[in-house]
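Asks: my questions concern the predicted model and sequence given below.
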Amino acid sequence: MYRISPFTPIFFKPSADRHGIRPRCVHVFSKTDRILIELIATGETTSPPLVVSNVLTGHNATYQWKEWVMNESTTLYFRELQNMDEGTFTVSIGNVTSEAFVITSDQDVLADTVLLQYSNSDNRQRNDAVFWIDGMQRFFDFRAPGGFKDDNWTFAVSNEQFVTSDNDKIDLYGQESTIKALTLGNSDGCPVWFADLLNRVLCCNYFYVDGVRYARNESEVPEMNAEVEGLRSYIFKQGLQRVLNLDAELENRNLLIMRRTTIDNDDKYRVSHKVVEAGEVTEATFNIIV
């Protein structure tokens with residue numbers, strides 16, 4: 001059995017909703033983003049082909065998986081798509097094809113997006129994604145339309161007061177907090193799966209928006225704020241609170257990994273010598289769960 005990790009930042013499962021018109025929102029990545037695709041194979045000894053197709057030119061490129069044996073029955077196949085040419089692409093794994101996405105370096109387009117990066121402190125918390133491969137931590141990159149608006153700030157305080165006999169109030173303890181709402185979707189909105197993925201990745205230990213660490217505000221989930229009329233497209237809001245009291249050493253390590261700093265002009269940190277290339281398979285039937 002094969003399962004595409006639901007933390008993979010491109011969408012493989014088509015919507016079953018046949019009402020309304022498909023969203024106009026196009027999923028955009030920057031040329032500098034790294035699209036990490038994970039395929040978890042249980043009880044399988046071969047890997048399905050990974051094919052990236054240019055929608056406009058029709059050119060297909062087959063990528064080799066990298067392979068990491070997790071245990072006797074489970075193998076992780078993974079690949080980071082990076083430094084791709086600009087254009088519109090789809091990804092096929094076996095007989096499953098993703099929604100189209102765009103690779104661009106146009107700063108006018110990227111200015112209306114935010115880069116969400118997320119990872120966990122270990123692999124024990126989830127069985128549907130791997131965040132540490134061969135002892136090396138990995139962050140997923142997911143770019144989404146939207147951002148923070150100044151009119152979506154709310155303020156809170158946790159305090160304890162003492163009231164004197166003259167009805168004067170004296171603060172014994174006080175701690176303020178600022179909650180910002182991340183807006184997901186611009187004028188064209190976004191498909192519902194954007195909010196589904198956002199809700200999932202906020203369960204990770206480490207969640208960054210454009211390099212700044214945030215956490216979910218209490219138990220808030222993405223709230224549908226508006227629906228684009230006639231389209232299967234929506235605008236969501238998610239309350240986030242910035243994480244301020246950070247372990248400096250841990251924070252520097254996370255930022256180093258997210259920026260993919262190279263060592264000796266070679267990407268040694270991202271690929272371990274124990275990770276081997278998986279063989280390409282072109283003729284087989286694969287049962288892939290998305």
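Replies: Alright, I've got the coordinates.

Asks: helix/strand/coil for residue 238?
Replies: With DSSP: H, G, I helix; E, B strand; the rest coil as the basis, residue 238 sits in strand.

Asks: run a quick neighbour tally on it.
Replies: Neighbours of residue 238 under the rule other CB atoms under 10 Å: 22. Placement of C-beta: from N, CA and C, glycine included.

Asks: so how far is residue 32 from it?
Replies: 24 Å (CB to CB, to the nearest Å).

Asks: check residue 188 too.
Replies: Counting by CB to CB - residue 188 and residue 32 are separated by 24 Å.

Asks: for residue 156, same thing?
Replies: 36 Å.

Asks: same check on residue 229?
Replies: Distance from residue 229 to residue 32, by CB to CB: 35 Å.

Asks: and the two? Which one has more around it.
Replies: The neighbour count for residue 229 versus residue 32, taken as other CB under 10 Å, is higher for residue 32 (13 against 8).

Asks: and that one, what is it in contact with?
Replies: If you count contacts by CB atoms under 8 Å, 6 or more residues apart in numbering, residue 32 has none.

Asks: residue 254: which element?
Replies: Secondary structure assigned from DSSP states H and E places residue 254 in helix 248-259.

Asks: and the average pLDDT for that helix is what?
Replies: The pLDDT scores in helix 248-259 average 88.

Asks: got the CA coordinates for that helix in CSV?
Replies: C-alpha atoms of helix 248-259 as CSV (Å, rounded to 0.1, in the frame of the first residue of the first chain):
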residue,chain,number,x,y,z
ALA,A,248,17.9,30.7,20.9
GLU,A,249,19.9,27.7,19.9
LEU,A,250,16.8,25.8,18.7
GLU,A,251,15.5,28.8,16.8
ASN,A,252,18.8,29.3,15.0
ARG,A,253,18.9,25.7,14.1
ASN,A,254,15.4,25.7,12.7
LEU,A,255,16.1,28.9,10.7
LEU,A,256,19.3,27.3,9.3
ILE,A,257,17.4,24.3,8.1
MET,A,258,14.6,26.3,6.6
ARG,A,259,17.0,28.4,4.7
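
Asks: the biggest strand by length in the chain - contacts with which helices or strands?
Replies: When the chain is scanned for its longest strand (criterion: DSSP state E), the result is strand 140-163. With contacts taken as 3 or more CB pairs under 8 Å, 6 or more residues apart in numbering; DSSP states H and E, strand 140-163 sits against strand 27-30, strand 35-42, strand 113-119, strand 169-184, helix 192-201.

Asks: alright, I will stop here.
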